[in-house]
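A.B. asks: Based on what follows, work out the 3D shape:
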Amino acid sequence: MAALRARANAAYRRAILALKHAASHSRCSFPVSRALYSTVHDAYEPTFDKILIANRGEIACRIMKTCKKMGIKTVAIHSDVDSNAVHVKMADEASCVGPAPSNKSYLNLDAVMEAIQKTGAQAVHPGYGFLSENKDFARRLAAEGVAFIGPDTHAIQAMGDKIQSKLIAKKANVNTIPGYDGVVKNVDEAVKIAREIGYPVMIKASAGGGGKGMRIAWDDNETREGFRFSSQEAASSFGDDRLLIEKFIDNPRHIEIQVIGDKHGNTLWLNERECSIQRRNQKVVEEAPSTFLDPETRRAMGEQAVALAKAVNYSSAGTVEFLVDSKRSFYFLEMNTRLQVEHPVTECITGLDLVQEMIRVAKGYPLCHKQADIPINGWAIECRVYAEDPYKSFGLPSIGRLSQYEEPLHVPNVRVDSGIQEGSDIGIYYDPMISKLVTYGANRAEALQRMEEALDTYVIRGVTHNIPLLREVIIHPRFVKGDITTNFLPEVYPDGFKGHKLQESELKELLATAASIYVASLLKAQRFLRRSTRAPAAKREERSWELSVQLDDGTHSVTVSQAGSSYIVEVDGKTLSVTSEWNLASPLLPITIDGTPRTIQCLHRDAAGNMKIQYLGTAYKVQVLTQLAAELNKYMPEKVLEDVGNSIMSPMPGTIVSIDIAVGDEVSEGQEVCVIEAMKMQNSLIATKSGKVKVLNCKPGDTVGEGDVLMEFE
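C.D. replies: Sure thing, here's the model as predicted:
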């Protein structure tokens, strides 16, 4: 009877999946439209009563959502600084596992095991990062009779070690990158191996992933430096400083295959994800499917991914990553034995709930689907929204408190995976991700259009964020055409990201918008004064304003006249009509300029006419004055900027790892002076000119903020 029910349940799930993708209309017609995936819970298929999520932030919240749909109680773990975090509030129970540093809390095996025992959790989902690929954790859970929602220890160890995984891949007839099949013992051996392989080479941690412990070297000096930083980052992030070296494939695409396997020998590939938009080897924008793969290459990559998974008896969700060259030749990069950050785009185009599949597999159920059941339905794009300054190396971490936060869930077919809310703090101890913003469409153009709208209407105040960069990427002609590689950002922005470059028509739109906001604010103040005083205003209300608008180093004469709820604005000889409801208290200001709808955000506005306006994703500082005020402003003394030429300031918040100089030392231009670690990534600071060290304001172990003066020179 049980076997008959199991077969019936499997048939039911396949039927549901088929129905979800039979129609050509949007997935949003289904009840689970906000998630853009389907959790089909079967009451006759019991799994676990209680699951502990050994993670934090958005991925912990994501896992809890599926658990709640399946009727499973959840336990959150947290550090002391995360006691009021969203994932803690969402869980049925919570347990503190230590202080803020992750090695004393989320990576503290003893504390996590104690939380499991105390709460009586039957299973643990590790999410990604932290303990998700820690074989010792999985082994301890097995010893306690607690299910690990992930692969077994053999698969974690085999695929977690990049050296061993490469050997297994070769044996399974998976295409591999030429390189050294062993552990690099020291820096001299690293240089020797790099010369034998031929530059450029990739130096990377044998354990872990996520772009940490990874450096590209183009010569001997970069190999020495890369070996040092990669080993330090690997030890800090994974507790394992072993490194390997392989040939770096220049200008590749990074395309990965999602796989899912059960404990009954069934393994499926769930199509690909294109992850080529990266900075510092960390993904920024992902999409599914890829614009580059043809059906034959997709099938070949999928079959090789399945072959690798079967070679280690893989049973859970996992990802096999490949580098793909311009001729569609592909090479195995690594296998991540966990749920991937970018899994939502796969869920969107297949309709599967990967977290549910992982839970079912961990309980011992076979997969309900066959390879022929797995569709590619529509297109999904994910942008990783970070608390980062995109104008610094495409994104250095930012910290702060979210003073205002509104997700763009009003946009059709938008999914936001987040673990924060208004009032949340983003600190130095953890990854600076704010959310994963996902849009889905019947085709790529529709998904891109929705992403553009979602980015424009995403309200994030209190921290610096990377939305300006994300928006520029998705509208860039090369990205729109699908002409991308892992070198996209440095190729498109060789001098660094500078924000949106305004065309002449866009410049006039921005100036007209700023002038209109100024007048709307002025009229609102006048109406308030008339209502708050008994005496009638003696001066007749103006209907036309002569203004001066300053943007960067340019000053523009602007004339504004009122016409109902619209303003007729003349900017440098061109007349524009700007219409809005002019609700200046709202964080979003929808406007129409000559019939073109826009959504702008007025981030700052003061009585002196200074404004900061987010327009087309980028924030612009403008000043709007009357012509008389502008004339008088010329006589105001200018603020003298502080001379910081003889000092080095921290470009980001973080912790000082090492200082390579002392007071009195002579320092040469380009010489490394210190190393700062921020969100587990180590960053070398160099002297911008030669000089003698006068003052050191920090020491190893110190926590520093962005802009702090670290050292001064004579």
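A.B. asks: When you work out contacts or count neighbours from here on, use the C-alpha atoms and nothing else.
C.D. replies: Fine.
A.B. asks: show me what contacts Gln340?
C.D. replies: Counting by Cα atoms under 8 Å, 6 or more residues apart in numbering, Gln340 touches 128, 318-319.
A.B. asks: of these, closest to Ile277?
C.D. replies: For the contacts of Gln340, the residue nearest Ile277 by Cα to Cα is Thr319; the value is 17.6 Å.
A.B. asks: circling back: between the contacts of Gln340, which has the most around it?
C.D. replies: Gly318 (26 neighbours; other Cα atoms under 10 Å).
A.B. asks: beta partners of it?
C.D. replies: For Gly318, the beta-bridge partners under DSSP bridges are Val259.
A.B. asks: Does it touch Val341 like I think?
C.D. replies: No: distance between Gly318 and Val341: 11.2 Å, which falls outside the contact criterion (Cα atoms under 8 Å).
A.B. asks: Can you tell me which residue is spatially central in this protein?
C.D. replies: Centroid check for the chain by Cα atoms, centre = their mean gives Arg384 as the closest residue, at 2.5 Å.
A.B. asks: If that one is in a bridge, with which residues?
C.D. replies: Listed by DSSP bridges, the beta-bridge partners for Arg384 are Lys436.
A.B. asks: for Lys247, same thing?
C.D. replies: Val201.
A.B. asks: Contact partners for it?
C.D. replies: By Cα under 8 Å, 6+ apart, Lys247 lies in contact with 177-179, 197-202.
A.B. asks: of those, buried ones?
C.D. replies: Buried subset of these (neighbour count, 16 or more other Cα atoms under 10 Å): 177, 179, 197, 199-202.
A.B. asks: which two of these lie the greatest distance from each other?
C.D. replies: Maximum pairwise distance among the buried ones among the contacts of Lys247 (Cα to Cα): 13.7 Å, between Ile177 and Tyr199.
A.B. asks: Now do Ile359 against Gln117, distance only.
C.D. replies: Applying Cα to Cα, to the nearest Å, the value for Ile359 to Gln117 is 20 Å.
A.B. asks: Mind checking which of these two has more residues around it?
C.D. replies: Ile359 (26 against 13).
A.B. asks: pretty sure Thr618 contacts Pro468?
C.D. replies: Yes: counting by Cα under 8 Å, Pro468 is a contact partner of Thr618 at 5.0 Å.
A.B. asks: May I have the distance across stretch 365-375, first residue to last?
C.D. replies: End-to-end for stretch 365-375, by Cα to Cα: 22 Å.
A.B. asks: tell me how far that stretch is from the chain's mean position?
C.D. replies: Here the centre of stretch 365-375 is set off from its chain's centre by 30 Å, with Cα atoms, centre = their mean, to the nearest Å.
A.B. asks: go on, stretch 632-648?
C.D. replies: Per Cα atoms, centre = their mean, the centroid offset for stretch 632-648 relative to its chain is 36 Å.
A.B. asks: could you dump it to PDB, C-alpha only?
C.D. replies: Only the C-alpha atoms of stretch 632-648 are listed here, as PDB (Å, rounded to 0.1, in the frame of the first residue of the first chain):
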ATOM      1  CA  LEU A 632      24.700  86.300  -4.300                       C
ATOM      2  CA  ASN A 633      26.000  82.800  -3.900                       C
ATOM      3  CA  LYS A 634      29.000  83.700  -6.000                       C
ATOM      4  CA  TYR A 635      30.300  85.900  -3.200                       C
ATOM      5  CA  MET A 636      30.100  83.200  -0.600                       C
ATOM      6  CA  PRO A 637      33.500  81.800   0.500                       C
ATOM      7  CA  GLU A 638      34.200  78.300  -0.700                       C
ATOM      8  CA  LYS A 639      35.000  75.500   1.800                       C
ATOM      9  CA  VAL A 640      38.600  74.600   1.700                       C
ATOM     10  CA  LEU A 641      39.000  70.800   1.400                       C
ATOM     11  CA  GLU A 642      41.200  69.100   4.000                       C
ATOM     12  CA  ASP A 643      44.600  68.100   2.600                       C
ATOM     13  CA  VAL A 644      44.800  64.300   2.900                       C
ATOM     14  CA  GLY A 645      47.700  63.900   0.500                       C
ATOM     15  CA  ASN A 646      50.100  62.900   3.200                       C
ATOM     16  CA  SER A 647      47.900  60.200   4.800                       C
ATOM     17  CA  ILE A 648      46.300  56.900   4.000                       C
END
